[in-house]
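1. here is a sequence with its predicted model. Questions after.
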Amino acid sequence: MSTHKTQTHKTVETKKTKIGGLIGLILLLAFFTPYVVKLPQLDITLILLGGMALAIWDFISPEKK
């Protein structure tokens, strides 16, 4: 009986972690998007896009334990 309760607790914790990560990712993308759109220099834009891509990859990649 305690294993079911523990499993449910882990599921809720995982959902909270994913929601928190999604909110953080959205805020990061919202912060960097105006810079990417308005910067005239291609090299800095590519660096920002690379950072955004790494953040997205980190969010969608499976967790390693």
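-> Right, received. Where do you want to start?
2. mind listing what's buried along the helix or strand hosting I44?
-> Element membership of I44 [criterion: DSSP states H and E] is helix 42-60. Taking 16 or more other CB atoms under 10 Å as the basis for neighbour counts, the residues of helix 42-60 that come out buried are M52, A55. C-beta here means a position set from N, CA and C on the backbone, and glycine is covered the same way.
3. now for it, which elements pack on it?
-> Identification of packing neighbours for helix 42-60 by 3 or more CB pairs under 8 Å, 6 or more residues apart in numbering; DSSP states H and E yields helix 2-38.
4. what average pLDDT does the helix it packs on get?
-> Over the span of helix 2-38, the pLDDT mean works out to 83.
5. what's the angle from the helix holding I44 to helix 2-38?
-> Interaxial angle, helix 42-60 versus helix 2-38 (axes from the mean of the first three to the mean of the last three CA atoms, to 10 degrees): 170 degrees.
6. which residues sit against helix 42-60?
-> G21, L22, L25, L28, L29, F32, Y35, V36, L39 (CB atoms under 8 Å, 6 or more residues apart in numbering).
7. want to throw these into a markdown table with neighbour count and distance to A53?
-> Conversion of those to a markdown table gives the following (neighbours: other CB atoms under 10 Å; distance: CB to CB, whole Å):
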| residue | neighbour count | distance to A53 |
| --- | --- | --- |
| G21 | 14 | 16 |
| L22 | 11 | 16 |
| L25 | 16 | 12 |
| L28 | 15 | 12 |
| L29 | 13 | 11 |
| F32 | 15 | 11 |
| Y35 | 11 | 15 |
| V36 | 16 | 11 |
| L39 | 14 | 16 |
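8. thanks a lot, see you next time.
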